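I would like to see how this sequence folds:
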Amino acid sequence: MAAASPSTPPTIKSDSLLDYLGTIGRRKKIKDELEVEELEKEGKDAIDGPAIMPSIENGPEEFILGEYEERTMLEPSSNRNHGYQELLKILVNWINDELVDERIIVKSLTNDLYDGQILGKLVEKLSGQKLDVIEVTQNEDLQKYKLRVVLETANRHLGLQSKYSTIKWTIDGIHNKNPVEIIHLLVALLRHYRAPIRLPENVTVRIVVVQKRDGQLHTRTITEQLTGSFDELGMRVEPRDAFDTLFDHALDKLQIVKRSLVNFVNRHLNTINIECFSGSSGQDLDANQFSDGLLLIFLMGTLEGYFVPLGNIYTTSDADPVADTLTGKETALLPHNYINCSPINKLHNVNVAFQLMEDAGIYVKHKVRAEDIVNADLKSVLRVLYTIFDKYKHA
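Numbers count the residues shown, from 1 in each chain. As a prediction, this is how the structure comes out:
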């Protein structure tokens, strides 16, 4: 009896097998591509996307407010604001470039900067000043203490210490991950330290302000401007003015303007025994003599007829402002050539002078930064002095 032949496995055509294997390969490839796309999207959202504030309906615990207390949040339309998204991306990249040696990678401005750790590193790098704060902490009180030190240092370097200063960020705002306050601070730092970066111009966002009144939450919407018109070095782009023309094409007439301004300034400062020009001709305008802001402050006080308390300004190289309450006459006798403020103190003084000018209704048509005066930019000094002269030339 013949032995039973072993069962023969079903025959699979080679073409069908290849098709089958190809289908598996294509499915796996598609799956892998989808996973890659999903990871890329998550990464892009983490870097580019802003922190979305909770809605009032979905997060009532975030809006436990006292009577007449306010809280703000971004309007959801900000997620579709191209300029805002571009600004976020630029600021993230700028911080990562500055802190590359620290091996720090920022993905979200709100989630990564709120506790003061990375923000402190950035301020240290930009200012060159080591902060005396603990490195890492999860304690909320210690985080806010660290933020206080960081912001006080930043404000000092930005020249925002006087009662006249307008500061658009707070400890609580940054710790509560308010993106608008964080952006205002970063833009101010970027411009002050002249980062070679072009910001998107005239970026605005809509902000929802929530206030509790009579036990009910009331909302209103406002527009907040985050950037103006700047070039890549953080300088405001302005049209050319008469001083540009004088410097470029009429140096002889420029000397006449300088002599006129010298006479105007000395005529008024001499009433308080200050002589600010000591060149051979006595008629040359030295921009360095205005770099500490004191002459501008004394000039405004003289023209407006008031005494500027020395406790509000810096008059020496000491770290603390002079607290003496001298009379205007005694103040005038201070030898100006002995005054040697640090750059930070000079910036503070110039900002005080600018605020005094603004209070007197004086606005320089061609925008001048306080840093330009501190850096003794002659054209900027002339613009400021001419604007003052134009208002008080008949005084």
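
low-confidence regions, the stretch 251-395 of the chain specifically.
The model of the stretch 251-395 of the chain has pLDDT under 70 over residues 276-284, 316-341.

where do the helices sit along it?
Ranges of helices within the stretch 251-395 of the chain are 251-269, 294-304, 328-332, 343-359, 370-374, 378-392, based on DSSP state H, counting those that start in this stretch.

could those be laid out in a markdown table, adding distance to Leu199 and mean neighbour count?
Placement of C-beta: from N, CA and C, glycine included. Compiled in a markdown table, the helices of the stretch 251-395 of the chain are given as follows (distance: least, C-beta to C-beta, whole Å; neighbours: other C-beta atoms under 10 Å):
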| stretch | distance to Leu199 | mean neighbour count |
| --- | --- | --- |
| helix 251-269 | 33 | 16 |
| helix 294-304 | 29 | 22 |
| helix 328-332 | 41 | 16 |
| helix 343-359 | 21 | 22 |
| helix 370-374 | 17 | 22 |
| helix 378-392 | 21 | 19 |
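
ok, Pro217 touching Val209?
Pro isn't right for residue 217; it's Leu. No: the pair Leu217 and Val209 does not pass the contact test of C-beta atoms under 8 Å, sitting 10.7 Å apart.

need the strands for the stretch 1-150 of the chain, in chain order.
70-74 (DSSP state E, counting those that start in this stretch).

shaky segments in it?
If you take pLDDT under 70 as the line, the stretch 1-150 of the chain has these spans: 1-63, 136.

if we use 90, what do you get?
Residues of the stretch 1-150 of the chain that meet the criterion pLDDT under 90 lie in 1-80, 97, 100-104, 127-142.

about what we covered before: nearest to Trp169, of the helices of the stretch 251-395 of the chain?
Closest of the helices of the stretch 251-395 of the chain to Trp169 is helix 343-359, at 16.4 Å (criterion: C-beta to C-beta).

now find how far off-centre that closest one is within its chain.
Taking C-alpha atoms, centre = their mean, to the nearest Å, the mean C-alpha location of helix 343-359 is offset from the chain mean by 17 Å.

next, the angle helix 294-304 makes with it.
Interaxial angle, helix 343-359 versus helix 294-304 (axes from the mean of the first three to the mean of the last three C-alpha atoms, to 10 degrees): 20 degrees.

helix 343-359 vs helix 378-392, what angle?
Put simply, helix 343-359 runs at 30 degrees to helix 378-392, going by the same axes, to 10 degrees.

which other helices and strands contact helix 343-359?
In terms of contacts (3 or more C-beta pairs under 8 Å, 6 or more residues apart in numbering; DSSP states H and E), helix 343-359 is packed against helix 140-157, helix 294-304, helix 370-374, helix 378-392.

quick one: contacts of the last one?
Looking back up the chat, that one is helix 378-392. Here helix 378-392 makes contact (C-beta atoms under 8 Å, 6 or more residues apart in numbering) with 241, 243-244, 247, 257-258, 260-261, 264-265, 268, 285, 287, 290, 296, 299-300, 303, 357, 360-366, 368-369, 372-373.

how's this protein carved up into domains?
Listed by automatic domain parsing, the domain ranges of the chain are 48-225, 242-392.

so how far is Leu88 from Ile388?
Separation of Ile388 from Leu88 (C-beta to C-beta, to the nearest Å): 40 Å.

oh sorry, the question was meant for Gln143
Between Gln143 and Leu88 the computed distance is 23 Å (C-beta to C-beta).

the more surrounded of those two?
The neighbour count for Gln143 versus Leu88, taken as other C-beta atoms under 10 Å, is higher for Leu88 (25 against 19).

go ahead and confirm the more buried one touches Leu109.
Yes: taking C-beta under 8 Å as the definition, Leu88 is a contact partner of Leu109 at 6.4 Å.

show me the contacts for Arg220.
Shown in contact with Arg220 (C-beta under 8 Å, 6+ apart): 208-209, 211.

swap in 6 Å and give it another go.
Counting by C-beta atoms under 6 Å, 6 or more residues apart in numbering, Arg220 makes contact with Val209.

and it, bridged to which residues?
Taking DSSP bridges as the rule, Arg220 bridges to Val209.

OK, contacts around Gly66?
Gly66 makes no contacts at all, as judged by C-beta under 6 Å, 6+ apart.

got it, and the one 5 residues further on?
With contacts taken as C-beta under 6 Å, 6+ apart, Arg71 has the following neighbours: Val210.

Leu151 versus that one, what's the distance?
Arg71 sits 20 Å away from Leu151, taking C-beta to C-beta as the criterion.

ditto for Asp141
Counting by C-beta to C-beta, the gap from Asp141 to Leu151 is 16 Å.

out of the two, which sits in the more crowded spot?
More crowded of Asp141 and Leu151, by other C-beta under 10 Å: Leu151, with 21 against 8.

ok, back up a step: JSON lines for the helices and strands packed on helix 343-359, including distance to Ala188?
Listed next are the helices and strands packed on helix 343-359 as JSON lines, based on distance: least, C-beta to C-beta, whole Å:
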{"stretch": "helix 140-157", "distance to Ala188": "8"}
{"stretch": "helix 294-304", "distance to Ala188": "22"}
{"stretch": "helix 370-374", "distance to Ala188": "11"}
{"stretch": "helix 378-392", "distance to Ala188": "19"}
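
which of the ones you listed sits closest to Lys125?
Of all these, helix 140-157 sits nearest to Lys125, with 12.0 Å by C-beta to C-beta.

tell me where the stretch 51-200 of the chain has helices.
Under DSSP H, counting those that start in this stretch, the stretch 51-200 of the chain gives helices at 82-98, 109-113, 117-127, 140-157, 171-175, 179-192.
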